[in-house]
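I'll drop the sequence and a predicted model, then ask my questions.
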Amino acid sequence: MLVFKIFLLILIITVSNYMGILFSKKYANREKEIKQMKTALNMFATKIKYTYEPIPSLFMEIANKIGGNIGNIFSQSATRMKEELAGEAWENALEEVSNNLSKEDITVLKNLGKLLGETDVEGQINQIEVVNQFLNSQLENANEERRKNEKMYRTLGIVTGLTIAIILI
């Protein structure tokens, strides 16, 4: 019986610690996804400026190079563009693909969709630059949040596990 109780206490501490780590990863993943989105948008701007390929094929190429949640956004947008306008496909993909971006990040990225395929190349490139500038400030915020909250959630996970273990003793 004592062995079972010790095993259960260790399990509780381990699980709560793991949950704290999972919550803290959200902040690191957001920072990573903002960087990936900036890279993808820079690739998109370069390609529309020099290649004049259709947006769906550019998006599929970007999706294959970027991968992850951000790649899924571009992939789903490209797939949806067969049935929807480019802007609508982009906005719907942003909503539907699971990611770690904040609502504020997604709102600004949706603004890019309003001009997607609707304006000339220069207009789209200018809009991408505006979004990139916003993403730079969001990247700084994400970095600050990660530093602040990552440690807090990890510590909170351990403390919660130890508290429950002490109560059960």
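Here it is on my side, so go on.

CA atoms for contacts and neighbours, from now on please.
OK.

tell me who's in contact with residue 20.
The neighbourhood of residue 20, defined by CA atoms under 8 Å, 6 or more residues apart in numbering, consists of 153-158.

report the mean per-residue pLDDT for stretch 29-45.
The average pLDDT within stretch 29-45 is 91.

on that earlier part again, let's have the contacts of residue 20 in TSV, adding distance to residue 137, neighbour count and secondary structure.
Converted to TSV, the contacts of residue 20 look like this (distance: CA to CA, whole Å; neighbours: other CA atoms under 10 Å; DSSP: H, G, I helix; E, B strand; the rest coil):
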residue	distance to residue 137	neighbour count	secondary structure
153	24	19	helix
154	26	20	helix
155	28	16	helix
156	28	17	helix
157	30	24	helix
158	32	20	helix
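
buried stuff in stretch 83-95?
Within stretch 83-95, the residues that qualify as buried by neighbour count (16 or more other CA atoms under 10 Å) are 86-94.

same deal with stretch 2-20?
For stretch 2-20, the buried set under the neighbour-count rule, 16+ other CA under 10 Å, comprises 9, 12-14, 16-20.

grab the nearest non-local neighbour of residue 44.
Leaving aside its sequence neighbours, residue 44 sits nearest to residue 58 (CA to CA, 6 or more residues apart in numbering; 6.9 Å).

now, the buried residues of stretch 2-20 that are in strands?
If you go by DSSP state E, the buried residues of stretch 2-20 have nothing in strands.
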